[in-house]
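# need a 3D model of the sequence below.
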Amino acid sequence: MFRLWAKQVKDNHLLKNTTVCDDSKDTRTHKVFRALDQACHEFELGRPIWLDVNVKDFQRFSKTRFYQDSFVEQIDFDFLEIHIIEED
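Below you'll find the model as predicted:
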């Protein structure tokens with residue numbers, strides 16, 4: 001089972017969060033992108049751009065934060081954080 005936790009945070013308060021589960025036999029990368037797309041759809045957000053810092057953080061810690069510079073549109077929160085909480 002693969003589970004990814006996505007959350008919107010503003011002023012150190014959790015605004016919205018969701019957990020996306022994926023039982024497919026797909027690659028980890030495909031699961032992450034699909035889960036991020038699903039979370040953004042649920043939050044009514046555009047998909048963030050993966051900057052080098054996001055890739056490095058995600059590779060090292062299995063989590064990353066997307067700030068305003070990762071979004072094309074204006075966001076009304078401080079950051080979107082994604083974190084893999086379970087992986088088979």
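
# what about the helices in this structure?
Ranges of helices within the chain are 28-43, 52-61, based on DSSP state H.

# now the last one: buried residues?
Which is helix 52-61. Neighbour counts over helix 52-61 (16 or more other C-beta atoms under 10 Å) mark 54, 58 as buried. Placement of C-beta: from N, CA and C, glycine included.

# give me the angle between it and helix 28-43.
Angle between the axes of helix 52-61 and helix 28-43 is 120 degrees (criterion: axes from the mean of the first three to the mean of the last three C-alpha atoms, to 10 degrees).

# what about helix 52-61, average pLDDT?
Averaged over helix 52-61, pLDDT sits at 97.

# related to what we said a few turns ago, a markdown table for the helices of the chain, including distance to residue 19?
Converted to a markdown table, the helices of the chain look like this (distance: least, C-beta to C-beta, whole Å):
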| stretch | distance to residue 19 |
| --- | --- |
| helix 28-43 | 9 |
| helix 52-61 | 17 |
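
# per-residue confidence for the residue in the chain sticking out farthest from the centre?
Within the chain, residue 25 marks the point farthest from the mean C-alpha position, 20.1 Å out by C-alpha atoms, centre = their mean. At residue 25, the model reports a pLDDT of 93.
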